[in-house]
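**Student:** Quick one: sequence plus predicted model below, questions after.
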Amino acid sequence: MPIETIQRTVRRYGAILYVYYRTSLQTEMEYRADFFGRLLASFLDLLTTIGALAITFSYTDTLQGWSFSQAMVLLAVYYLMDGLIEVFIGQNMRQIAAQVRDGTFDFVLMKPANSQFTASLRMLNISRAARIIVGIGLTVHTVFSLSVEIGPVTAVRFAVALAAGMSIVYSIWLFLVTLTFWFVRVDNIEQIVWQAFEAGRYPVEIFPRHLRGFLTYVIPIAFIITVPAQALVGRLGPGSVLTAVMIGSALFALASAFWRVGIRNYTGASA
Amino acid sequence: MIRYWYRVYRANLRVAWALMLQYRFSTLIWALWGFVGPLISLAVWSAATRSRGSDVVRGSQVYSAGDFAAYFLVYMIFSHFTMSWDAFEFAYRVRTGSLSPQLLRPMHPIHADASFNIGFKVLTTLVLLPAWILLFVLLHPQLPSTALDILIAVPTLLLAGLVRYIWQYTLAAVAFWTVRVDAINQFYYVLDAFLAGRIAPIALMPVWIGAISRFTPFYGMGAFPVEVALGRVAGSDLLSGIAAQIVWLGVGIVVFRFVWNAGVRQYSAVGA
């Protein structure tokens, strides 16, 4: 593809995204109080997890090789990841199933833009940014308490690992949502994925062997949360980040291909 | 009188069951949610005993890996019987105004909700029973309790359910004043995690948390029946624990009536 075409495509989709986000923000500004309620709720949720870990660590120095501060890094990444996913794609993914069921998915297909792009990114759910704020706060705190030095290399590696993790979560979710084109009601499957994700705030090593296998190969929590956390504290060669990027890209390509098969199967409700 | 309430609850139960069978898969997923918290806590504490290389000891209380398994499994089952999600439902009803027709009925809405809860529990218990048995086989809990302990635990569990229900419903009624109850519910959830012993046995928590727990309704609606079933409560503590449950139930009913009456007057029925 010539460079010029790529540039044009990027610019076009950038402009579309700008319009989408502007309209979402305008809608959300009407519910400002929600944001502060959620911020408080996120803090309280964090308090519970930290308190629980602190009590456990008062009886042991390490949890299967993880120190308290290291466990905090995991927690920080968990909050960041959860917040990013919820802000950018969560609401969109939940709507796809409903749209397919009642036939309003027609409007997504009619737009003169890539259907996966529109379906996945149209709405920005800024009220969920509370989790990102909590995540950033905790990240900064743990970085200081562990006194790791964050050079530009570490920062880039962390950002790349986070992006790869997001891509993995997105791809798994898209894959599940695509099943809607055949089965219509699958929103409950999503719940199972979230339950597994919930476990990601603790080191994977604490779980029994079978569960660990599930959390490594089926829902790769290790690459979603553990790798970014390790990248942040600099305990990681570039190899694992590279693996995460490869898995993230491969899953993305697979899920996108599956999506294309799926929309061909969509019949519409009103047609 | 008794026959009247029996008929009221039976009619409501039928509606509840019909609804739940319609949405059986969602109902099951809701019930399975209860597994996640206790099993994660169990994993954390088992890892702690493994990392220490010895049992967790605090004063006279000893918790081995098997004791933790027993504690969290019993806690999981007991909280299935005592939990309710009315606080989340209720705010939604106030916001949308769907509470209005319920207020017009010749009895308090709490009865319809309570029977819905009972229906949910009976139905899901049948489904979850095999899963519970499987977990008991897989996780090797050490059950020091005799049949007598479990028998005594039944009334304490019943009281725990009543205390929790009335206090949660009181909290739910706060929605009359503010429909954004996210933060309030989360606050309750934090208190419940520590004071009711959901994340760790009370005996292993800092002393001040244990003290607060015993002077609030939380101990009676969470950890107490579990400890009774596991034979960890001595005779005199058993009696005072039951007495505390009864007192908190009474106080709960009084506070609930007060909050509810004030709230209904405040309610301006959206959409009416």
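**Tutor:** It's in.
**Student:** quick one: average confidence on the helix or strand hosting residue A:194?
**Tutor:** Using DSSP states H and E, residue A:194 sits in helix A:187-198. Mean pLDDT, helix A:187-198: 72.
**Student:** Past that helix, which element shows up next along the chain?
**Tutor:** Taking DSSP H and E, what comes next after helix A:187-198 is helix A:209-213.
**Student:** Using CSV, write out every CA atom in that following helix.
**Tutor:** Extracted in CSV, the C-alpha atoms of helix A:209-213 (Å, rounded to 0.1, in the frame of the first residue of the first chain):
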residue,chain,number,x,y,z
ARG,A,209,-2.3,-25.7,39.1
HIS,A,210,-5.4,-26.2,37.0
LEU,A,211,-6.7,-22.7,37.5
ARG,A,212,-3.2,-21.4,36.8
GLY,A,213,-3.3,-23.2,33.5
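**Student:** Name the residues of that helix that come out as buried.
**Tutor:** residue A:212 (16 or more other CB atoms under 10 Å in any protein chain shown). The C-beta positions use only the backbone N, C-alpha and C, and glycine is treated the same way.
**Student:** Residues of the stretch 1-150 of chain A that sit close to chain B?
**Tutor:** A:33-34, A:37-38, A:40-41, A:44-45, A:47-48, A:51-53, A:55-56, A:58-65 (CB under 8 Å from any CB of the partner chain).
**Student:** Show me which of those residues are buried.
**Tutor:** Using 16+ other CB under 10 Å, the buried ones in the residues of the stretch 1-150 of chain A next to chain B are A:34, A:37-38, A:40-41, A:44-45, A:48, A:51-53, A:55-56, A:59-60, A:62-64.
**Student:** Point out where chain B drops to low pLDDT.
**Tutor:** Residue ranges of chain B with pLDDT under 70: B:87, B:145, B:179, B:269-272.
**Student:** near chain A, which residues of it show up?
**Tutor:** Counting by CB under 8 Å from any CB, chain B sits next to chain A at B:25-26, B:29, B:32-33, B:36, B:40-41, B:43-48, B:50-52, B:56, B:180, B:182-183, B:185-187, B:189-190, B:193-194, B:199-200, B:204-206.
**Student:** try 6 Å this time
**Tutor:** B:25-26, B:29, B:36, B:43-44, B:47-48, B:51-52, B:56, B:180, B:182-183, B:186-187, B:190, B:193, B:199-200, B:205 (CB under 6 Å from any CB of the partner chain).
**Student:** Give me the subset of those residues lying in strands.
**Tutor:** Residues of these located in strands (DSSP state E): residue B:56.
**Student:** show me the contacts for residue 127.
**Tutor:** All of this refers to chain A. Residues in contact with residue A:127 (CB atoms under 6 Å, 6 or more residues apart in numbering or on different chains) are A:34-35, A:38.
**Student:** 10 Å - rerun?
**Tutor:** Residues in contact with residue A:127, defined by CB atoms under 10 Å, 6 or more residues apart in numbering or on different chains, are A:28, A:31-39, A:86-87, A:91.
**Student:** next one: residue A:86
**Tutor:** A:38, A:125, A:127-132.
**Student:** Kindly indicate which of those lies nearest residue B:90.
**Tutor:** Residue B:90 lies nearest to residue A:38 out of the contacts of residue A:86, by CB to CB, at 19.1 Å.
**Student:** thought the closest one was touching residue B:185?
**Tutor:** No. Applying CB atoms under 10 Å, one finds residue A:38 not in contact with residue B:185, separated by 11.8 Å.
**Student:** still on that earlier bit, whichever of the residues of chain B next to chain A end up buried, select them in PyMOL.
**Tutor:** If you want just the buried ones from the residues of chain B next to chain A in PyMOL, going by 16+ other CB under 10 Å, the selection is:
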select buried, chain B and resi 29+43+44+47+48+51+56+180+182+183+186+187+190+193+199+200+205
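**Student:** so residue A:267 touches residue A:109, yeah?
**Tutor:** No. Between residue A:267 and residue A:109 there is no contact under CB under 10 Å: 11.4 Å.
**Student:** quick one, which of the two is more surrounded?
**Tutor:** residue A:109 (12 against 8; other CB atoms under 10 Å in any protein chain shown).
**Student:** Phi, psi for that one please.
**Tutor:** Dihedral pair for residue A:109: phi -70, psi -30, per degrees, to the nearest 10.
**Student:** do residue A:121 as well
**Tutor:** phi -120, psi 0.
**Student:** For it, give me its contacts.
**Tutor:** A:13, A:16-17, A:20-21, A:88-89, A:92, A:114.
**Student:** swap in residue B:74?
**Tutor:** B:38, B:132, B:136, B:141, B:143, B:145, B:150, B:153, B:157, B:225-230.
**Student:** what about it, helix or strand, and which?
**Tutor:** helix B:65-82.
**Student:** List the buried residues in the helix or strand just after that helix.
**Tutor:** Where DSSP H and E defines the elements, the next helix or strand beyond helix B:65-82 is helix B:86-96. For helix B:86-96, the neighbour count (16+ other CB under 10 Å) marks B:86-87, B:90-91, B:93-94 as buried.
**Student:** of those, closest to chain A?
**Tutor:** residue B:91 (11.4 Å; CB to the nearest CB).
**Student:** I figured the closest one was touching residue B:98, is that so?
**Tutor:** No. Between residue B:91 and residue B:98 there is no contact under CB under 10 Å: 11.4 Å.
**Student:** who are the neighbours in contact with the residue lying closest to residue B:56 once chain neighbours are set aside?
**Tutor:** Excluding its sequence neighbours, the residue lying closest to residue B:56 (CB to CB, 6 or more residues apart in numbering or on different chains) is residue B:63, at 4.6 Å. Applying CB under 10 Å, 6+ apart to residue B:63 gives the contacts A:59, B:45, B:48-49, B:55-57, B:70-71, B:142, B:200-201, B:203-204, B:232.
**Student:** which among the residues you listed end up buried?
**Tutor:** A:59, B:45, B:48-49, B:56, B:70-71, B:200-201, B:203-204, B:232.
**Student:** would you list the residues you listed in JSON lines and tack on distance to residue B:4?
**Tutor:** JSON lines is the format used below for the buried ones among the contacts of residue B:63 (distance: CB to CB, whole Å):
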{"residue": "A:59", "distance to residue B:4": "54"}
{"residue": "B:45", "distance to residue B:4": "48"}
{"residue": "B:48", "distance to residue B:4": "53"}
{"residue": "B:49", "distance to residue B:4": "53"}
{"residue": "B:56", "distance to residue B:4": "52"}
{"residue": "B:70", "distance to residue B:4": "42"}
{"residue": "B:71", "distance to residue B:4": "41"}
{"residue": "B:200", "distance to residue B:4": "44"}
{"residue": "B:201", "distance to residue B:4": "43"}
{"residue": "B:203", "distance to residue B:4": "45"}
{"residue": "B:204", "distance to residue B:4": "47"}
{"residue": "B:232", "distance to residue B:4": "41"}
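**Student:** The residue of the stretch 151-271 of chain A found nearest chain B: neighbour count?
**Tutor:** Proximity of the stretch 151-271 of chain A to chain B (CB to the nearest CB) peaks at residue A:206, 3.7 Å away. Residues lying near residue A:206 (other CB under 10 Å) number 25.
**Student:** Now do the same contact list for it.
**Tutor:** A:56, A:63-66, A:71, A:199, A:212, B:40, B:42-48, B:50-51.
**Student:** where's it relative to residue A:249, distance?
**Tutor:** Counting by CB to CB, to the nearest Å, the gap from residue A:206 to residue A:249 is 30 Å.
**Student:** now do residue A:191
**Tutor:** 27 Å.
**Student:** Neighbours of residue A:83, how many?
**Tutor:** Residue A:83: 21 neighbours (other CB under 10 Å).
**Student:** That one contacts residue A:131, doesn't it?
**Tutor:** Yes. Residue A:83 lies in contact with residue A:131 (CB under 10 Å); the separation is 3.2 Å.
**Student:** so what sits against both of those two?
**Tutor:** Counting by CB under 10 Å, 6+ apart, the residues touching both residue A:83 and residue A:131 are residue A:42.
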